[in-house]
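In: any chance you can model this:
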Amino acid sequence: MGTITKRRAAAAAFTAFATALTGVALATEASAATPTAAATTVGTTAVGAAMSPRTTAPALNTAALQQAIAIRPGEAAAGAVAFVQSDGQIWQGSSGDTQTGTPVADDAHFRIGSISKTFSAVVLLQLAAEHRVNLDQSVQHYLPGLLPDRFQPITVRQLLNMTSGLPDIGAGGPSLSTDQLISERFEYQTFRQIIDSTLRPEGRPAPGPLFAPGTAQSYNSLNYRIIGLLIEHVTGHSFSDEVNARIVRPLHLTGTFVPQGAPQMPSPYMHGYLTGSQGTVADVSEAGGDPSSMISTTRDLDRFITALFQGRLLPRAQLTQMFALPHDANGDLLPYTGDSGNCQTGPQKGKACFGLGINSDTLPDGTVLWGKTGEDMGYFTAMFASRDLRHVGVVSTGVTDVAAEAGLANANRLAVAAFA
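Out: Numbering: from 1, shown residues only. Sure thing, here's the model as predicted:
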């Protein structure tokens, strides 16, 4: 079973939101798009103790929000669903599926990709609060023999904040073509299969460390497959069981699932697509993935990030650590050495921007947004909020190509329409 590796042109590009708000990102002129069928709702809500809505806040521009997620001619997008909360006001909407010609429901399910990393981090930080895991103890201590001897001791915290120096999934191996991704989409890999196929590959040299642990930051999904395995090792339960018991059920996230390789999507759902080499568009909504693959809705992700920031999922000490960025011995932020899509805005451009399972971006007015993006076959999703929860946004786009640039563009436009 081969490791599925795909082109990451838009992966983890949370930086896009800050870029969008500078005015140089994609604009939202009505002439640029042809809106498709949509359902839109507007209202107000009390979001909790962390919220202090301003009575003078301008009303959300619902037309601009709907236009932001409308499908543009020539974009590799099939549909979108979005949720915005700003100063107590709520808007949610969707754009129709261009492949089927049918509407996308506001409560449609979608695959959240790497946003599952935030769920993983919460579970592990809960285990830390229970004194079942020490974040500053090494992976080698908890999982002896998992990492080859060529790797120095790597702490659990360094996995969480992307400073481990480990290679990414499938490093040094060939990327699968889009046709292969389509034909092999039902394959399912365990955490250990993913880790071993990366660190002990057959038929090619094994990759070594990218840098000494704790000396730099680089976005890396292998870190979180190891975290998933660690959660299972410490608890004796599956990743799915722990996420459901600790997050999904307590928060009543009725639209959130950890399918564990079951390919079916719950109804209603937004379809995701890939376009093969012959130009045929294939529906890849149903897929295998790995134990941390997750499905959710915009309302559930809003409920999740709101509860998280309000301190309802973690004790104060662990929540504070979640927002902490890694520094060197002199107190300076570590350099970010990974892809150019992350940590490239604000006064600390080029420095570490990932905490534990979430990352930050500073907007031109000084506002800091925290959250996570996620990319899966056929989907690009973004979840972001200000620390005081005055602003929350979730948007997912069903795309038709591997790069998922259309999903990133939708996230840009929604940020402009909601918060600019």
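In: I'd guessed Val243 sits against Leu124; true?
Out: No: contact criterion C-beta atoms under 8 Å: Val243 and Leu124 do not qualify, at 11.0 Å. C-betas here are computed from N, CA, C, even on glycine.
In: any idea which helix or strand carries the nearest residue in space to Val133 that is not next to it in sequence?
Out: Using C-beta to C-beta, 6 or more residues apart in numbering and skipping the chain neighbours, the partner closest in space to Val133 is Leu127 (4.4 Å). For Leu127, the host element (DSSP states H and E) is helix 116-129.
In: which residues sit against that helix?
Out: 133-135, 156, 160, 221, 224, 227-228, 230-231, 234-235, 239, 242-243, 246-247, 292-294, 304-305, 308, 313-315, 317-319, 321-322, 356-358, 372, 374, 383 (C-beta atoms under 8 Å, 6 or more residues apart in numbering).
In: on that earlier part again, give me the number of residues near the residue nearest to Val133?
Out: Using other C-beta atoms under 10 Å, Leu127 has 21 neighbouring residues.
In: give me the pLDDT for it.
Out: Leu127 is assigned a pLDDT of 98 by the prediction.
In: do Gly88 as well
Out: For Gly88, pLDDT reads 91.
In: also Gly214?
Out: Looking at Gly214, the pLDDT reads 98.
In: same question, the one 4 residues further on
Out: The per-residue pLDDT reported for Ser218 equals 97.
In: buried subset of the contacts of helix 116-129?
Out: Neighbour counting by 16 or more other C-beta atoms under 10 Å classes 133, 135, 156, 160, 221, 224, 227-228, 230-231, 234-235, 239, 242-243, 246-247, 292-294, 304-305, 308, 313-314, 318-319, 321-322, 356-358, 372, 374, 383 among these as buried.
In: among those residues, which lie within helices?
Out: Judged by DSSP state H, helices contain the following of the buried ones among the contacts of helix 116-129: 156, 160, 224, 227-228, 230-231, 234-235, 239, 242-243, 304-305, 308, 318-319, 321-322.
In: the helix holding Leu127: which residues count as buried?
Out: 116-128.
In: of the residues you listed, closest to Pro263?
Out: Ser116 (16.6 Å; C-beta to C-beta).
In: separation between the closest one and His327?
Out: 27 Å (C-beta to C-beta, to the nearest Å).
In: what of Leu229?
Out: 28 Å.
In: same deal with Ala70?
Out: Using C-beta to C-beta, one gets 42 Å for the distance from Ala70 to His327.
In: more crowded one of the two?
Out: Legend: neighbour count by other C-beta under 10 Å for Ala70 and His327, higher for Ala70 (22 against 12).
In: ok, back up a step: dump the helix holding Leu127 to CSV, keeping only the CA atoms.
Out: What follows is helix 116-129 as a C-alpha-only set of coordinates in CSV (Å, rounded to 0.1, in the frame of the first residue of the first chain):
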residue,chain,number,x,y,z
SER,A,116,-8.3,17.2,12.7
LYS,A,117,-4.9,18.2,14.0
THR,A,118,-6.6,20.7,16.3
PHE,A,119,-8.8,17.9,17.6
SER,A,120,-5.7,15.7,18.1
ALA,A,121,-4.0,18.5,20.0
VAL,A,122,-6.9,19.0,22.3
VAL,A,123,-7.1,15.3,23.2
LEU,A,124,-3.4,15.1,23.9
LEU,A,125,-3.5,18.3,26.0
GLN,A,126,-6.3,16.8,28.0
LEU,A,127,-4.1,13.7,28.6
ALA,A,128,-1.4,16.1,29.7
ALA,A,129,-3.8,17.7,32.2
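In: which strands and helices lie in contact with the helix or strand just after it?
Out: With elements assigned by DSSP H and E, the helix or strand that comes after helix 116-129 is helix 139-142. The elements that helix 139-142 packs onto, with contact taken as 3 or more C-beta pairs under 8 Å, 6 or more residues apart in numbering; DSSP states H and E, are helix 156-160, helix 222-235.
In: dump the ones you listed to JSON lines, plus mean pLDDT.
Out: Below are the helices and strands packed on helix 139-142 laid out as JSON lines (pLDDT from 0 to 100):
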{"stretch": "helix 156-160", "mean pLDDT": "98"}
{"stretch": "helix 222-235", "mean pLDDT": "98"}
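In: pick out the least confidently modelled helix or strand of this protein, by mean pLDDT.
Out: Averaged element by element with mean pLDDT, DSSP states H and E, the chain has its least confident helix or strand at strand 41-44 (a mean of 47).
In: can you pull out the strands in the chain?
Out: Counting by DSSP state E, the chain has strands at residues 41-44, 77-86, 89-95, 110-111, 273-275, 281-283, 295-296, 359-362, 368-376, 379-386, 391-399.
In: would you turn those into CSV with distance to Gly341?
Out: Formatted as CSV, those follow (distance: least, C-beta to C-beta, whole Å):
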stretch, distance to Gly341
strand 41-44, 32
strand 77-86, 19
strand 89-95, 24
strand 110-111, 20
strand 273-275, 21
strand 281-283, 26
strand 295-296, 23
strand 359-362, 11
strand 368-376, 9
strand 379-386, 12
strand 391-399, 16
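In: so for Pro213, which of these sits nearest?
Out: Between the strands of the chain, strand 359-362 lies closest to Pro213; by C-beta to C-beta that is 19.1 Å.
In: and the closest one, how far out from the chain middle?
Out: Its chain's average C-alpha position is 13 Å from that of strand 359-362, according to C-alpha atoms, centre = their mean, to the nearest Å.
In: stretch 392-411 too?
Out: On C-alpha atoms, centre = their mean, the centre of stretch 392-411 falls 11 Å from the chain's centre.
In: list the contacts for Pro167?
Out: Pro167 neighbours (C-beta under 8 Å, 6+ apart): 198-199, 207-210, 220, 222.
In: from those, which two are the most distant?
Out: Spatially, the most separated pair among the contacts of Pro167 is Gly208 and Asn220, at 14.0 Å (C-beta to C-beta).
In: quick check: the gap between the nearest residue to Phe419 once chain neighbours are set aside and Val84.
Out: In space, and not counting its chain neighbours, Phe419 is closest to His391: 5.6 Å by C-beta to C-beta, 6+ apart. Using C-beta to C-beta, we find His391 at a distance of 8 Å from Val84.
In: ok, the two, which is more surrounded?
Out: For His391 versus Val84, neighbours defined as other C-beta under 10 Å are more numerous around Val84 (26 against 19).
In: just grab the bridge partners of the more buried one for me.
Out: Counting by DSSP bridges, Val84 is bridged to Trp91, Gly393.
In: these two touch, right, it and Leu60?
Out: Yes: the pair Val84 and Leu60 qualifies as a contact (C-beta under 8 Å) at a distance of 6.6 Å.
In: kind regards, and thank you for your time.
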